[in-house]
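K.L.:
Predicted coordinates and the sequence they were generated for:
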Amino acid sequence: MRHASKGGPGNILWAVICGGLIMGAALGARHVQGLFLIPMTLDRGWSRESFGLAIALQNLVWGCAQPFTGMLADRFGSVRVIALGTLLYLVGLVLMSLSVTPTQLTLSAGLLIGVALSCTAFGTVYGAISRIAEPSRRSWALGMTGAVGGLGQFVMVPVTQGLQHWLGWAAALVVLGLAIGLLGPLALALDDRASTSTTTSAAPARTQSIREAVHEAFQHRGFWLLNAGFVACGFQLAFIGTHLPAYLLGRGLRASDAVAGLAIIALANTVGTFACGYLGDFYRRKYLLSGIYLARSAAMAAFFLLPLSATSLYVFCAVMGLLWLGTVPLTSGLIAQVFGVQYIATLFGLVFFGHQVGSFLGVWLAAHVFDVTKSYDLIWVGSIALGLLAAALHWPIDDRQVARGVVPAGVMA
């Protein structure tokens, strides 16, 4: 197979489709895990916090593993890493279905699936696409990959509900695992080993090692602001994705409303992710990111303070869906803009660690607070406040391309 960087628009489009399908299946299986919270805890006799801790650890493991799987993808190419991730995901979901103790759930859903996500989601897929696509088409390619992935997430919601209805929750997990495992061969379309030299957005003055690239990023103040701001993103999405169904049931809405809400988020995300990636070609990404976090906080405040109904739920999910994963292509594009694409998977992995620290807290802390107070109110307030903080952190990021061989000063723009 020819490298996409040499094969023109057709090969780039094929890479976008394959990368989006893999990422959509991986993120879709994660997106619907909130639908397993109540049936699993009731069937196994676990507390809500036991389930929440396993999923929270999944997010933390994902974040911890992402820099290392990113380094492997940068060093040896993304194909092997992504293909291995689909197999790990298959094993993790099968073992999750067989878990009879919280410890087994933590090892399967937490450890294995966490590592699998680091191989099959944003870091490796967006890293490969960033190298394959020409700089002038990079934002479009990242946005389109996210859109295809968002469509996969949308499809996963009704599919999971149907599988649970006809086969039960345990068999549904196995089927989801088999579906992800069968997507492994599509990783061949993401062969980025020959693409770095032809698609570098910031032409380096000298060749860097991974160690030098990481040191350069660590000296850049904007890198740390991006990392800190991403904590809020992880907290908000993990809390809503995992606990929204249980929150709605506790407030008197039907299970079908919760499923519809998750489906609306996933469908709107398809449009929102593409739009955010596309807009990154025309507007400064740091300002777009600040705007997303402000809009999220406004949407959550309105949803939390206004009377709850099926209509208010659907409006909230549509708005949040438009803002759901639009932060990721913008963040990845901002890293490529400042540091180049040679080690994009490694650097994105380091920034993504902050996102997953937030995800861990969003899942576990919400479960813990609910078990103690029997309410999610404190978590809603915290999510709104974190969004405002993230907007403030992104605004002053220095988004100029670093001068290779010169230690970035970190001066605020």
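P.N.:
Noted; the coordinates are in hand. Residues are numbered from 1 along each chain as shown.
K.L.:
Would you mind measuring from residue 165 to residue 145?
P.N.:
31 Å (Cβ to Cβ, to the nearest Å). For every residue, glycine as well, the C-beta is placed using N, CA and C.
K.L.:
of these two, who's got more company?
P.N.:
residue 145 (33 against 10; other Cβ atoms under 10 Å).
K.L.:
in terms of contact, does that one touch residue 18 like I think?
P.N.:
No. At 9.3 Å, residue 145 does not count as touching residue 18 under the criterion of Cβ atoms under 8 Å.
K.L.:
So for stretch 68-81, what gets flagged as buried?
P.N.:
69, 70, 71, 72, 73, 74, 77, 78, 79, 81 (16 or more other Cβ atoms under 10 Å).
K.L.:
Run the chain-centre distance for that stretch.
P.N.:
18 Å (Cα atoms, centre = their mean, to the nearest Å).
K.L.:
Please enumerate residues in contact with that stretch?
P.N.:
Contact with stretch 68-81 is made by 82, 85, 115, 118-119, 123-125, 127-128, 187-188, 190-193, 210, 342-350, as judged by Cβ atoms under 8 Å, 6 or more residues apart in numbering.
K.L.:
Quick one, which of the residues you listed are buried?
P.N.:
82, 85, 115, 118-119, 123-125, 127-128, 187, 190-192, 342-350.
K.L.:
Those residues in strands, which ones?
P.N.:
Members of the buried ones among the contacts of stretch 68-81 lying in strands (criterion: DSSP state E): none.
K.L.:
residues in contact with residue 272?
P.N.:
150, 321, 322, 323, 324, 325, 326.
K.L.:
from those residues, which would you call buried?
P.N.:
150, 321, 322, 323, 324, 325, 326.
K.L.:
Please identify which pair of these lies farthest apart.
P.N.:
Pairwise distances among the buried ones among the contacts of residue 272 were taken by Cβ to Cβ; the largest, 12.0 Å, belongs to 150 and 323.
K.L.:
so of the buried ones among the contacts of residue 272, which ones are in helices?
P.N.:
Judged by DSSP state H, the subset of those located in helices is 150, 321, 322.
K.L.:
could you redo the residues you listed as a markdown table and give each row pLDDT?
P.N.:
Shown next, in a markdown table, are these (pLDDT from 0 to 100):
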| residue | pLDDT |
| --- | --- |
| 150 | 80 |
| 321 | 92 |
| 322 | 92 |
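K.L.:
Am I right that residue 50 is in contact with residue 105?
P.N.:
Yes. With contact defined as Cβ under 8 Å, residue 50 and residue 105 form a contacting pair (7.2 Å).
K.L.:
Please, which helix or strand holds residue 282?
P.N.:
Residue 282 belongs to no helix or strand when elements are defined using DSSP states H and E.
K.L.:
Quick one: neighbours of it, just the number.
P.N.:
8.
K.L.:
Could you find the closest non-adjacent residue to residue 118?
P.N.:
Nearest residue to residue 118 in three dimensions, chain neighbours excluded: residue 65, at 3.9 Å (Cβ to Cβ, 6 or more residues apart in numbering).
K.L.:
tell me which element the one you found falls in.
P.N.:
Assigned by DSSP H and E, residue 65 falls in helix 48-76.
K.L.:
does residue 379 sit in a helix or strand, and which one?
P.N.:
Using DSSP H and E, residue 379 falls in helix 377-394.
K.L.:
outside of that helix, which residues touch it?
P.N.:
225-226, 228-233, 235-236, 239-240, 243, 286-287, 289-291, 293-294, 296-297, 300-301, 304, 358, 362, 365-366, 369-370.
K.L.:
what about it, average pLDDT?
P.N.:
Average pLDDT, helix 377-394: 95.
K.L.:
buried set for that helix?
P.N.:
Those would be 379-380, 382-384, 386-391, 393-394, for helix 377-394 by 16+ other Cβ under 10 Å.
K.L.:
my read: residue 347 touches residue 335, true?
P.N.:
Yes. The criterion here is Cβ under 8 Å, and residue 347 meets it with residue 335 at 5.2 Å.
K.L.:
picking up where we left off before, what is the rounded mean pLDDT of the helix holding residue 65?
P.N.:
86.
K.L.:
returning to that earlier point: please pick the buried ones from the contacts of helix 377-394.
P.N.:
225-226, 228-233, 235-236, 239-240, 243, 286, 289-291, 293-294, 296-297, 300-301, 304, 358, 362, 365-366, 369-370.
K.L.:
among those residues, which are in helices?
P.N.:
225-226, 228-233, 235-236, 239-240, 243, 286, 289-291, 293-294, 296-297, 300-301, 304, 358, 362, 365-366, 369-370.
K.L.:
Can you name the residues that contact the closest residue in space to residue 178 that isn't next to it in sequence?
P.N.:
Nearest non-adjacent residue to residue 178, counting by Cβ to Cβ, 6+ apart: residue 90, 6.6 Å away. Counting by Cβ under 8 Å, 6+ apart, residue 90 touches 177, 178, 180, 181.
K.L.:
for those residues, which one is nearest residue 111?
P.N.:
residue 177 (15.2 Å).
K.L.:
Report the spatially closest residue to the closest one, excluding sequence-adjacent ones.
P.N.:
residue 93 (3.3 Å).
K.L.:
Can you pull the phi/psi pair for the one you found?
P.N.:
Per-residue torsions, residue 93: phi -70, psi -40 (degrees, to the nearest 10).
K.L.:
and it, how many neighbours?
P.N.:
25.
K.L.:
quick one: buried residues of the strand or helix carrying residue 156?
P.N.:
Following DSSP H and E, one finds residue 156 within helix 138-167. Buried residues in helix 138-167, defined by neighbour count with 16+ other Cβ under 10 Å: 138-157, 159-161, 163-164.
K.L.:
Summarise which helices and strands the helix or strand just after that helix is packed against.
P.N.:
Downstream of helix 138-167, the first helix or strand assigned by DSSP H and E is helix 169-182. Judged by 3 or more Cβ pairs under 8 Å, 6 or more residues apart in numbering; DSSP states H and E, helix 169-182 is in contact with helix 4-31, helix 37-44, helix 78-98, helix 138-167.
K.L.:
what's the offset of the helix holding residue 156 from the middle of its chain?
P.N.:
13 Å.
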